[in-house]
Each structure stands twice: as C-alpha cells, then as structure tokens.
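Chemist: just coords:
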C-alpha cells in the first residue's frame, strides 16, 4: 500500500488550495482560523477492524483506543479538546452488547482523559464489513499557536515521553504468537495506549519548538520532524526508553541493535516526540517530572536531512523498509 | 437495525453533556461557539459501500456523492463551508485508478459546489472490507444563526426544493430490477444527488424558521421537523414535487396513493425541507425562482404532533414501517 498512500497524498494535496492551516496535509492536525485569527486545532483519526485493532479486542478498549489515538495528536500539538464528533460504521453481525461496551469505553475516556469534552455530533451507519470508527477532535491551542512538525533547529534536543515499542510487542503477542514472560503490559499498550496527559500541554506550548505523536513508528516520525523542520535528527538507538517488558525482550535477542530498530519501527506508541532548545531541556524535564511522566532525551537536531541512527555513539545503517509503517495522511 | 440505532442514540446522548450546540445529537449539524460566541457549523456524514452506494457505482460519482450529502446539510442549515476533512478507508482490492477518479469527483465538487472550500486534513487507511468514506464540513452561518430542525410554529408553510423520490427509483433500477422508460435521471439522482446551491442559503437564513435536508425520506424528515419544533405537519401527498420520471412511474401504478407514499419514504433526496411564515412564503418562492430552483409548498404546520398525511385533501393512514429509513445520527 505504500505506493498508493503516496498517490493519495499527491492527489489530495492540491485540494488544500494552499491554505496555511492545512500544512500541505503533512502535519497531524489542521488549524482553522476564526475571523479574529484565532485558531481551532482539528485532528481526525480512523480505526479499521483488522488494520488498527483486532476483531477480538474487547469493545471497551476499541472505544478507548479511538479516543486515545486522537488525544495523542491533540496533546502533541499542545491543544485542549473542546468538541468531539463520532462516525461509526457498525457491523450488522456484531451484538448490541458490544456497542454498549464500546460507547462506554469511549465515553469514559472522553470524560477522564479529554477534560469532559462533549460529543457534539457524528453519524452512525450499518455495514456488512469490518467495524470502522472515526473520531474528530477540535481543540484550542493552549499557547499562542499549536506545536507543528516544523520548527526544530540544529542543536535542539530531541526527546520522547513514555516508552517505545510496547504496542508493537503487544501486537506480536496477539497476532504473531510472540511469547513474553509478562505479556500484559505490551498487550494493554496495543489495545489502550497511554498518551501523555493534557496537563503536559502547557509545557509543550511553552518549550516544544516542534513535535508530533509517535504513531507511525519512532524512526518514521523522527523522519517527519526532520523533513518538516529541514534538519537532520541524530537518534541514539541505545537511549530509546523501554518498558521492563521491552527491555527484557531486547536483552533476550541475539542482535540487540536489530531489536532496538525493530521496536523503533513498530508504531502505535502514541507518545509525544518533541524538539526543544538545549537551554529549555531541564525545564521540560522538570515539567514532565512534576507530572510523573517519563521523558527521555533520545537525540539532537543538526544541519542536514533525514534520521541519523547511532548505536553506542557509532552511526549504523537501517534498511528503510524496516523503519515504520504508514497508515495516515494529514 | 432500527432498534440498534435507537440504542446508539440513547447511549451517545449523555456524552453531549447538555451542550446547547449539540442539540441533543438530534439535529443534522452541531454548532461550536468560539470565544466570541460566534458559531461554526459542523456536519459529518459517512458513506459505506453496499449501504449508501453500490459497489459498481462509478468512483467519480462516489466522491461527488460524499460531498453532496454533506453539502446538503450545510445548505439546509444556511451555512457556507470553510473547511473540509476526509477520512478514507480504502479497500486493498480496489485498483489505484479508482482512487484517482474518486478524488477527482470529490475535488471537483468541493471546488464547484462548495465555494472552493479547502481540504484541511483527514486520515487515509487501508481496509479488507468495503470502502468507507467520511467527510466533515465546517462552515459559517450565513445569517446570525443556523437554521435548525426546531423553530417551526403552527400556521407555517412547509415546502421542499427540487423533486422527491428520484433517488429511490434510481436505487430500485440499479438493485431491484425496476424497469423505467427513462432510468438515467433517477439513476443520476441516486448516484450524484443535486442539493440546492449555496446561493440559496441567504434566503434560508432570512426566511426559514426551521429546516433540514431530506436524507431519511420526506415522511421521516417531516417527522423530525415536527418533533423538534413541537408541531404537527400536514403533508399533502398529492402536492409532493415529482420529476417527469417520478410522475410517469406514479401514474403507471395501480395505487397512486401507495406510490406517492413509497416515493416519500425512500430517502437520499438531499433536498432542503423548510418551514416559513405564510407572509414570507412569496419571498422564499421568489428567491428560489431567481435561482431557477424548484420550490414546492407541500403542507403546513399546526398544533399537535407528528405528520398528518392527506391525499386530495383527505387524511390517510400510513403504516409507520413504510415511512422511511434511518441511517444517521446527529
């Protein structure tokens, strides 16, 4: 599908008509200006059964994942949700009890994680195919403007919240027979990702020069930041934050470098990746620590382009086909 | 599915948290207020292959239909689109050439019918199931506020743009083997509906006390207007505007009353249904005539509730199961 997605981008981009807030359909959110020039941040994500979640995933967790993959964009852009819209294509063959569980999970997360954002509308239809859900969140920038993929400069520190690779391990457990000693954490990370809380957005608004959520894989998303900002990003592969489960899995692998690259190429992490000035790094770190939010320095920006992966300080080569997967546009 | 959709409404309504602009998820659009209290009208519709269009419909017309079913809401609410978002779940088995045609039709209609509204974002994913498309339009009310389903009062004239029932006939031709002498018009009405133009919105903003688009069937949508406004609507079934094809089909039926009821129960018309003061009726009529837009008086509001169908002036009974189909919420 990679070729087709490139084609979709090429076909859709002219429809943006050069509107500044569309960011050439190459950011994770759009900025709609009202007549006073103030912005409304809009993000929308679609989950398809069999592509973004498994047919047997608990319906409650599907509802929660739908909220979280959108909230993840909103947080990374340093915006606060003000309205939600739900489009649901519900399979005729699924029992109604599953619907109740799904909407229960969705409603709980809209309330608890999204600051009680109201559901303002949507559309519900029946389908003979897989379950397809779209959530659209609109939000207000917490600072004077949202954080974009562009804006990082040479010398900036690059850091990421939470841990990386757990959802990839969880998916491998669920669908590829990977055996882990403690699979619960990775499986939960796949089904109900944990983006950073809205409480982190003031720090992002203040200090992040560029940022996005990690949804396509850390390597791919670093590439997005590098390309949009016109910089190279040096990534210290041995500094990527891992959970205990990720660490245990990695040290059991024959080739830990290949294992780290695999974890950095999975996607579905829904953590926030950001670049900040070196002088601001201690301040961002302190803001995250105040919230009990893990935040790890994983690299730095410099002149050039692309992602420059290193392992214990030495540059390494990565097969581009292994660097991530793409399922989203704009 | 009727019971399930009622359940979805019941489950989702609390998530609106009583926000005024959500209209209890019972209007066709939502109103988001900015900090100055000015509104942004939001409408979103999902089309599912096999439910809202046929697998063999030309991809160009699928793209156009997606725009038109949303534009239809925007026009009926008397708002002008300012931003569009596209969520596409694209079947892996469909050839890329179809994608080009679909986005071509979508882009042409966003430009020509929606006032060159920019596509600001969205999400594209792959699916192993049917094609599922969601378009979200955001718009500015043309008047001080959008037209809602509520607001009609006893004595108001009820009228509708265009003709009714063509899409229903077209679908019957395409999927049920109905034979018409001239099927092209009805088939085109099903595939590429013709909502009233944006140029009609100033008249709607000025004169429509209540209104909505006819998507669930004229009878069902009159019921929505009646319920939201707290009035009864008398519908003169013999006054429903028919195309030549609709007229020719109707006079060929053994029971023309049953045939009129069938046409009024189909859905997918995407015309604007509105109520206005009797003194404003000539003005609305003149505004429509200036645009070459057919507008037909089909009934009136009075005290009471529900839809009161009449045939040549006499009340008739309609089996509720025949009055329309529901595929949308909010």
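Modeler: Thanks, I have the structure now. Just so it is clear, the structure is predicted and the values come from calculations on it, not from any experiment. Numbers count the residues shown, from 1 in each chain, chains lettered A, B, ... in the order given.

Chemist: So the residue of the stretch 151-300 of chain A found nearest chain B, which state does it fall into?
Modeler: Closest contact between the stretch 151-300 of chain A and chain B, by CB to the nearest CB, is at residue A:215 (10.4 Å). For glycine as for every other residue, the C-beta is placed from the backbone atoms N, C-alpha and C. At residue A:215 the chain is in coil, as set by DSSP: H, G, I helix; E, B strand; the rest coil.

Chemist: Give me the distance between it and residue B:106.
Modeler: 25 Å (CB to CB, to the nearest Å).

Chemist: Who are the contact partners of the residue in the stretch 101-250 of chain A that chain B sits nearest to?
Modeler: Residue of the stretch 101-250 of chain A nearest chain B, by CB to the nearest CB: residue A:129 (2.8 Å). Residue A:129 makes contact with A:89, A:91, B:48-50, B:127, B:129-130, B:132 under the criterion CB atoms under 8 Å, 6 or more residues apart in numbering or on different chains.

Chemist: Am I right that residue A:48 sits in a strand?
Modeler: Yes. Judged by three-state DSSP, residue A:48 forms part of a strand.

Chemist: List the single closest residue to it in space, sequence neighbours excluded.
Modeler: Setting aside the residues directly before and after it, residue A:48 is nearest to residue B:127 in space (CB to CB, 6 or more residues apart in numbering or on different chains), at 4.7 Å.

Chemist: repeat for residue A:120
Modeler: Of all residues not flanking residue A:120 in the chain, residue B:30 sits nearest, at 3.9 Å (CB to CB, 6+ apart).

Chemist: I figured that neighbour hits residue B:21, correct?
Modeler: Yes. With contact defined as CB atoms under 8 Å, residue B:30 counts as touching residue B:21 (5.4 Å).

Chemist: Show me the common contact partners of those two, please.
Modeler: If you check residue B:30 and residue B:21 against CB under 8 Å, 6+ apart, the residues they both contact are residue A:120.

Chemist: Have a look at these two and say which one is more surrounded.
Modeler: residue B:30 (29 against 20; other CB atoms under 10 Å in any protein chain shown).

Chemist: show me what contacts that one?
Modeler: A:83, A:85, A:120-121, B:21-23, B:41-43, B:330.

Chemist: rewinding a little: ok, the residue nearest to residue A:120 to residue A:114 distance?
Modeler: 16 Å.

Chemist: Likewise for residue A:10?
Modeler: The spacing between residue A:10 and residue A:114, counted by CB to CB, is 34 Å.

Chemist: And those two? Which one has more around it.
Modeler: Taking residue A:10 and residue A:114 together and counting by other CB under 10 Å, residue A:114 has the greater number of neighbours (22 against 11).

Chemist: wait, is that one part of a strand?
Modeler: No. Counting by three-state DSSP, residue A:114 is not part of a strand but coil.

Chemist: What segments of the stretch 51-200 of chain A are helices?
Modeler: In the stretch 51-200 of chain A, the helices defined using DSSP state H, counting those that start in this stretch lie at A:59-76, A:96-112, A:166-176, A:184-191.

Chemist: Check the offset of the longest one from the chain's centre.
Modeler: This points to helix A:59-76. Distance of helix A:59-76 from its chain centroid, counting by CA atoms, centre = their mean, to the nearest Å, is 10 Å.

Chemist: That one to helix A:184-191, inter-axis angle?
Modeler: 70 degrees (axes from the mean of the first three to the mean of the last three CA atoms, to 10 degrees).

Chemist: quick check: angle from helix A:59-76 to helix A:166-176?
Modeler: Using the same axes, to 10 degrees: helix A:59-76 against helix A:166-176 is 150 degrees.

Chemist: In terms of secondary structure, what does helix A:59-76 contact?
Modeler: strand A:39-48, strand A:79-91, helix A:96-112, strand A:132-141, helix A:184-191, helix A:201-207, strand A:210-213, strand A:272-276 (3 or more CB pairs under 8 Å, 6 or more residues apart in numbering or on different chains; DSSP states H and E).

Chemist: just the second one next, same as before
Modeler: Counting contacts by 3+ CB pairs under 8 Å, 6+ apart, helix A:96-112 packs against helix A:59-76, strand A:79-91, helix B:2-12.

Chemist: quick revisit: which strand residues bridge the residue nearest to residue A:48?
Modeler: residue B:91 (DSSP bridges).

Chemist: If I follow the layout properly, the residue of the stretch 151-300 of chain A closest to chain B ends up in contact with residue A:69?
Modeler: Yes. Under the criterion of CB under 8 Å, residue A:215 is in contact with residue A:69, at a separation of 6.9 Å.

Chemist: More neighbours: which of the two?
Modeler: residue A:215 (28 against 24).

Chemist: Could you count how many residues lie near residue A:56?
Modeler: 7.

Chemist: ok, so what distance separates it from chain B?
Modeler: 16 Å (CB to the nearest CB, to the nearest Å).

Chemist: Quick check, pLDDT for the residue nearest to residue A:105 when sequence neighbours are not counted.
Modeler: Closest residue in space to residue A:105, ignoring its immediate chain neighbours: residue A:63 at 3.3 Å, by CB to CB, 6+ apart. Residue A:63 carries a pLDDT score of 98 in this model.

Chemist: do the one 10 residues further on as well
Modeler: Here, the pLDDT recorded for residue A:73 equals 97.

Chemist: which strand residues sit across from the residue lying closest to it once chain neighbours are set aside in the sheet?
Modeler: With sequence-adjacent residues excluded and distances taken as CB to CB, 6+ apart, residue A:73 is closest to residue A:43, at 3.9 Å. Per DSSP bridges, the residues bridged to residue A:43 are residue A:137.

Chemist: so what's residue A:84 bridging to?
Modeler: Counting by DSSP bridges, residue A:84 is bridged to residue A:119, residue A:137.

Chemist: Please list all residues in contact with it.
Modeler: Per CB under 8 Å, 6+ apart, neighbours of residue A:84: A:110, A:114, A:117-120, A:135-138, B:15.

Chemist: can you list the residues you listed in a markdown table and add distance to residue B:261 and pLDDT?
Modeler: Listed next are the contacts of residue A:84 as a markdown table, based on distance: CB to CB, whole Å; pLDDT from 0 to 100:
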| residue | distance to residue B:261 | pLDDT |
| --- | --- | --- |
| A:110 | 41 | 98 |
| A:114 | 45 | 97 |
| A:117 | 42 | 97 |
| A:118 | 38 | 96 |
| A:119 | 35 | 96 |
| A:120 | 35 | 95 |
| A:135 | 38 | 98 |
| A:136 | 37 | 97 |
| A:137 | 42 | 97 |
| A:138 | 41 | 95 |
| B:15 | 36 | 94 |
